[in-house]
Each structure stands twice: as C-alpha cells, then as structure tokens.
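*Asks:* Provide a 3D model corresponding to the input given below.
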Amino acid sequence: MTALTEDTIVKIVKRLALLFALSATIALPGGYFSLEYSNGVQHLETVAQVKVEAINRLARVNPDLWMYQVLRIEELLQSDRVLRRNERVTVSDAAGEVILAVGAPSEAPIIMRTFPIYDSGRTVGHVEVAHSYRNVIYGTVAAGLLGVLLGGLVYATLLVLPMRALRRVTAALNKETEARNAAAALSRAVTETANDAIVIADGSGAIVGWNPAAERMFGYSQAELIGQPLTLVLPQRYHQRHLEGIRRVQTGSSWNVFGKSVELHGLTKARREFPIELSLSAWETPDENYFAGIIRDISERKQAEEALAERDSRYRAVVEMSSDGFWAVDQDGRLLDVNEAYVRRSGFTRDELVGMHIVDLDAKESAADIASHIEAIRDKGADVFDTLHRTKGGVTWPVEVTVRHRLDRKGQFLCFLRDITERRRVEEERRRSAELLQARTAELERSHQLLQALTAVQESVQEEERKRIARELHDELSQKLTVLKLQTALALSTFAQGDSDLNRQLKDIDSLLTETMHSVSQIATNLRPVVLDELGLVVALRDLVERFSERTKIECEFSVHPPDLSIDDKLAMPLYRMVQESLTNVARHAEASETTVSLHRDGSGMLTLSISDNGKGVSDEDRPGRGSFGLMGMRERAAMLGGELRVHSRSGAGTLIEIVIP
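*Replies:* All right, here's what the predicted structure looks like:
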C-alpha cells in the first residue's frame, strides 16, 4: 500500500470519528431542549384548562357580578393545581381590564396562551397563562457543554484505536510493496531495453504496459495508449477474432495462440499496416487476468519473400491481359520488359525491344529530354503525359504514357502506354467542328448586327413617317375640323330659333366633330408626341403617365433622378415607345391598381428605365416566351441602344420591367 492510500484511509477515519463526535455533541442538548419545551407547553395547557373551567362555572352562577368576587377567583386559581415558580395566571374582563394576576412575573422568553370565559355563548372575560422557559435555555446550554465533552471523548476513542491497527497494516503492506517494486523494476529494465515491442493488456483487452520499442514501432507514446483497447494497433479485420479470444479467456476456456508465434499485421499511428510476428502469454492475479505480447516487425523479411515470389510471376496476369502497351524501365531508361500488346503495335519482337533505350522509340523527346523527365518522375513518383512513338517501319503514332516509380522494385519505372490515335482523330474532328461552329456563329452575329441596323433604319423611317402623318393630322386635318366646328357653331346660332329637328342634327354634328378632333389629337400624339420634340423625354413621360392614369383609372407615379436629367434625342423616342408598350400591357393584362415609372442615371452614367405594377404577375411556367411580340420589340429596341431588357415577375407579386443602357 502506498503512502497516498494510507493518507486517504487516515482522512476517512478522521472524518468518521468527527461525524460521530458531532452527532453526540448536537443530539444531547437538542434532545434536552425538545423534551423540556414539550413538557412546559403540555403543563401550560393543562393548567389553563382547569382554571378556565373553574372560572366559567363562577361566571355562569353570577354572570354580572363574578368579576367582583376577587377572593373567590383567587381561591379558584390557586386550587386544584399549584402554579410553578415560573408561571403566571391573569384574569381580565371582556373589556380587557385586569381583575386578578396570580404567580410570579414571567421572565423572557415566555410561552403564553389566552383562553376566553363564556356565559351563554358570549365572551365575558379572558384567562391568560404565561410560562417562562429561561431555565430550559440554561439547561440546554449545560447539556450542550456536556455533549461537547462526550463528543470529544467519542472522537478520541474512535480515532486512536483504528489508527493503531492502520499503522500495523501499513507496515506489513509497505514490505510487500517494496518487494513488488523490486520485481517491477527488474521487469521494467528488461522491457525497456528489449529490441522487440512488449505490450501488456488486462483481462478486458485494455493496454496497461507499453515499452519504448513499441513506441518506436507503432508511433504511439506510452501516455497515448495506456488504458486504450489493444484493437487500436490492429487492423479492423482482426478485431472480431481478438475479442472472441478475450471472451474465451474470461469464461475460463483456453486460447490456442498462447505459447505460439503467429503472423499478422499491426497498425501504426499513421494508419499504416505492417507485418508482425506475435508471441502471447497470460497470467492471473487474484483480481485480474493479464496478457503479454512480444511483437517483432517482420517487414524486411516479408519484402524479401515477396520479392522472391514476385520474381516468378512478374506482372504476368495484369500486363499480358492489358490492351495497352507495358514497359518495365530501369533507372537509365532502358527497357527491361514489354508486353504482347506493345509488341504488336510497335512491330518489334520482344527480344528486339528488351534492352532498347526510350530514345530509340520516342519520336518526340531527345536523350537529354528523356533523362530530365526520368529525374522529374523519380522526384514526383508518378506522371501522365502524351508523346509520339515510332514503329519498326518508321511510322509515328500518338501515345499516352502513365508511369510510376516503384522504390520496392530496385528503382524501376512501370509504364503503361495507350494508343490514342482514335482519340486524336476525334479531337481533330471536334476542333474542326468548333471552328466551323465559331465561323457560323460569327456569321450569325454579323447577320444579327445587320438585322439590327436594318431594324434601326426601319424604326427611323417609321418614326419619320409617324412624325409626318402626325404633323399632317395636326396641321391640315385638325385645322379643317376646327373650321368645320366653327361653321357648325355659327349655324347653330343662326338657326337657334328655327326648326328643332335641324337644331338637333346640328348639335349632333357639333358633338361628333368634338369627338373627331379629340381622336385626331390622340392619334397624332400616339404617332409622334409633340411634347417629346419640344420639351424632351422627361416631360413627355410625365404627360404619358398622367394621360394613362386618367384614361385607365390606374394610379400611376413617375419619378426621375437626377431631377434635371437630360436624355439624348436618339434615346428619347425608343425609351418613350418602350414605356408606352409597357403601360399598354399593364392596362390589358396586369389587373393592377398601381404602377410606377422610374428613370434613373447613376454616377457611372448607367441609365435605368423601370416600369413596375402590383398586378397578378406570371409564374415562370406561364410567362410568355422571348418571342412574344411586345417583349421582342422592346428587347430589339434596347439592343439597338446597346442595352438590355430584364423582366422580373412572379404569380401574384406583380411585374418589373427594367431597361438598362450603359
């Protein structure tokens, strides 16, 4: 037993002794106080019950005069039971006036009870009984002092006797511990100087011993593995077999690996497997079973065995079945082996190829290039690259080479060579197709640009024609209609008192002329708004929005930023037409109650025209295609201006159209 364990036991004994001592110290005064206090309360209630009953009888006999019979009351109070020295009884009438007080004055602290005096169900006075329990406090203090003495005696008794026995046991255990420590030191010296790994595990398979050789072999320090399961250093495939062996030992069965050497694999901290030879032994203690394993790294031996076995069947299965060519190349670039696929493709025999240098077959790289390439692959470990090989007849063919440097094969390079003639042909066809597609795309782009130019010319011609027609409507037809309206008004004034039928017909003509003049004005404005030519786009859009709101009863707002924004004449009419088309779509399809038109130019000169509404919108599935006539025309106009048109819409969330022009 170690000093630490002994110290712990001493602390436990001291705490138990202290617990018993405190129990005795607290129990004695506590019990005394509880008993005396209960007796005092019981006596008080008994005295009060007797005295109150006697005075109640007196009050029933003389209900109006009983309080004046002081001698009789005093006699009743002092009869039956004698008051204690520390008790006092006080009788008072219904008004609280003290009639008589018998007994010594009560010293604080006191217990007091008050009881009513009844006559025919009504209260005619009170009896108050008081009892001082100061003596109980004094007695409790004395009992407490006695409890302290008793507790100290208990503490000393319980502490001294176990400590003597503890010292005797400790001395015996120390001798046994010294013997065990000497044996452990000898075992530790052997374990720590051993070249093989020595691992000790308990009956559950948890590691309890781990020597320096094991640290070097597996990469774990002793602190990392103590308490960890032994399966941590075994690959997953051995775990079930290991756990079954542990269970057999725990149930008393034998494990056939004890006393034998078995070969399996260990697992390092870096998760690398390596071959090991394991010898197991086991022993029992009264409390636990233990296992010891001596582990030897047999990697070098296994490598030698594998090299011998591999020499007999060198890549035969994989290499000979491969449709790709294969080389085994030494450090200098000379072929050590080839497969049948490369023999067929190159036209050389196997005997001719073995011993040739790479430069004899590679039609692309020089000897210096090949030497540099070999050095680079040795550093990287692997590479994939394309080159050209030469057949026996001098014909070249493209090859994809996949090469790996094998350190465990005396520095050889293993190369797989794939004929990529067909791949190159397909790549060439793809390149030609891409060039043709690029040419046709360019031609289509030129056609599109020409179409845009023609469309722009057509737009310009149409606008000029609209402008001419609007001017003729305004200058000629409107003037003639105005003259006709004046003549009609003159006729109305001339025949005002005449034929009523003629008068009515003239009024109808006048009304029709008014409507016709309004229609002509509206047509002229739609063809070419005069305000656009005279006052610019901002004023024209504000006028368009106001007329739209008045005509459709849809609330429409217009905003512009900056307020003094000026738009070039070549942009004004296309932008005006796009707003006109958008508002027409809102009126026809959107079912909106509000719409907003905004014209904004930011600090970079980017011009954004947006038209939004709170209508029903459309989902992506229901949205009309890019070929719908209204949007298609607006997109063409935006493209001719060097900008783009964006449409944002969701079902039930309205629509936003943005025209962005750099």
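
*Asks:* mind listing what the residue nearest to Ala572 when sequence neighbours are not counted touches?
*Replies:* Residue nearest to Ala572 in three dimensions, not counting chain neighbours: Leu537, with 4.1 Å by C-beta to C-beta, 6 or more residues apart in numbering. For glycine as for every other residue, the C-beta is placed from the backbone atoms N, C-alpha and C. Residues in contact with Leu537, defined by C-beta atoms under 8 Å, 6 or more residues apart in numbering, are 567, 571-572, 575-576, 599.

*Asks:* Scan these and report the most crowded one.
*Replies:* Leu575 (24 neighbours; other C-beta atoms under 10 Å).

*Asks:* How far off centre is the helix or strand containing that one?
*Replies:* Applying DSSP states H and E as the criterion places Leu575 in helix 569-585. A distance of 50 Å separates the centroid of the chain from that of helix 569-585, by C-alpha atoms, centre = their mean, to the nearest Å.

*Asks:* Send me it as PDB with only the CA atoms.
*Replies:* Provided in PDB are the C-alpha atoms of helix 569-585 (Å, rounded to 0.1, in the frame of the first residue of the first chain):
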ATOM      1  CA  ASP A 569     -32.600  62.700 -78.700                       C
ATOM      2  CA  LYS A 570     -31.600  59.300 -80.300                       C
ATOM      3  CA  LEU A 571     -32.600  57.600 -77.000                       C
ATOM      4  CA  ALA A 572     -35.700  59.600 -76.300                       C
ATOM      5  CA  MET A 573     -38.200  58.100 -78.800                       C
ATOM      6  CA  PRO A 574     -37.200  54.300 -78.300                       C
ATOM      7  CA  LEU A 575     -37.400  54.800 -74.500                       C
ATOM      8  CA  TYR A 576     -40.800  56.600 -74.900                       C
ATOM      9  CA  ARG A 577     -42.100  53.700 -77.100                       C
ATOM     10  CA  MET A 578     -41.000  51.100 -74.500                       C
ATOM     11  CA  VAL A 579     -42.800  52.900 -71.700                       C
ATOM     12  CA  GLN A 580     -45.800  53.200 -74.000                       C
ATOM     13  CA  GLU A 581     -45.800  49.500 -74.800                       C
ATOM     14  CA  SER A 582     -45.300  48.500 -71.100                       C
ATOM     15  CA  LEU A 583     -48.200  50.700 -69.900                       C
ATOM     16  CA  THR A 584     -50.400  49.200 -72.600                       C
ATOM     17  CA  ASN A 585     -49.500  45.700 -71.300                       C
END
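
*Asks:* C-terminal to it, what's the next element?
*Replies:* strand 594-601.

*Asks:* give me phi/psi at the residue nearest to Ser261 when sequence neighbours are not counted?
*Replies:* Nearest-residue entry for Ser261: Ser279, 4.9 Å, with adjacent residues in sequence omitted and distances by C-beta to C-beta, 6+ apart. Ser279 adopts backbone torsions of phi -120, psi 130, taken as degrees, to the nearest 10.

*Asks:* domain assignment for this structure?
*Replies:* With automatic domain parsing as the criterion, the domains of the chain are listed as 3-138, 194-301, 315-418, 420-528, 536-661.

*Asks:* Could you point out which of these sits nearest Lys175?
*Replies:* Nearest to Lys175, of all the domains of the chain, is domain 3-138, at 13.6 Å by C-beta to C-beta.

*Asks:* so how far is the closest one off the chain centroid?
*Replies:* On C-alpha atoms, centre = their mean, the centre of domain 3-138 falls 71 Å from that of its chain.

*Asks:* Average pLDDT for it, rounded please.
*Replies:* Per-residue pLDDT over domain 3-138 has a mean of 72.

*Asks:* Ser281 is in contact with Val249, correct?
*Replies:* No - when contacts are counted by C-beta atoms under 8 Å, Val249 is not listed as touching Ser281 (11.8 Å).

*Asks:* more neighbours, the two?
*Replies:* Set Val249 next to Ser281 and count neighbours by other C-beta under 10 Å: Val249 wins out with 17 against 12.

*Asks:* In terms of secondary structure, what does the helix or strand where the more buried one lies contact?
*Replies:* Using DSSP H and E, Val249 sits in helix 239-250. Applying 3 or more C-beta pairs under 8 Å, 6 or more residues apart in numbering; DSSP states H and E, we find helix 239-250 packed against strand 289-297.

*Asks:* picking that back up, what do Val249 and Ser281 both touch?
*Replies:* By C-beta under 8 Å, 6+ apart, Val249 and Ser281 have these common neighbours: Phe291.

*Asks:* buried sites along stretch 362-378?
*Replies:* 362, 365, 370, 373-374, 377 (16 or more other C-beta atoms under 10 Å).

*Asks:* Any chance of these in a markdown table with pLDDT and secondary structure as columns?
*Replies:* Converted to a markdown table, the buried residues of stretch 362-378 look like this (pLDDT from 0 to 100; DSSP: H, G, I helix; E, B strand; the rest coil):
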| residue | pLDDT | secondary structure |
| --- | --- | --- |
| Asp362 | 93 | strand |
| Glu365 | 90 | coil |
| Ile370 | 92 | helix |
| His373 | 92 | helix |
| Ile374 | 91 | helix |
| Ile377 | 91 | helix |
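
*Asks:* Name the nearest of these relative to Val124.
*Replies:* Using C-beta to C-beta, those come closest to Val124 at Ile377, 124.7 Å.

*Asks:* Next up, the contacts around the closest one.
*Replies:* Residues in contact with Ile377, defined by C-beta under 8 Å, 6+ apart, are 383, 403, 405, 413.

*Asks:* likewise Ala363?
*Replies:* Here Ala363 is in contact with 387-390, 396 (C-beta under 8 Å, 6+ apart).

*Asks:* What's the local residue count around Ala317?
*Replies:* For Ala317, the neighbour count with other C-beta under 10 Å is 8.

*Asks:* Give me the neighbour count for Ser92.
*Replies:* Neighbours of Ser92 using other C-beta under 10 Å come to 18.

*Asks:* That one touches Thr123, doesn't it?
*Replies:* No - using C-beta under 8 Å, Ser92 makes no contact with Thr123, being 11.0 Å away.

*Asks:* who wins for neighbours among the contacts of Ile377?
*Replies:* Phe413 leads those on contacts (other C-beta under 10 Å) with 22 neighbours.

*Asks:* who touches that one in this structure?
*Replies:* Here Phe413 is in contact with 327-331, 374, 377, 403-406 (C-beta under 8 Å, 6+ apart).

*Asks:* quick revisit: what's the closest of the domains of the chain to Asn174?
*Replies:* domain 3-138 (8.7 Å).

*Asks:* out of the buried residues of stretch 362-378, who's nearest Gln49?
*Replies:* Among those, and counting by C-beta to C-beta, the member closest to Gln49 is Ile377, at 115.9 Å.
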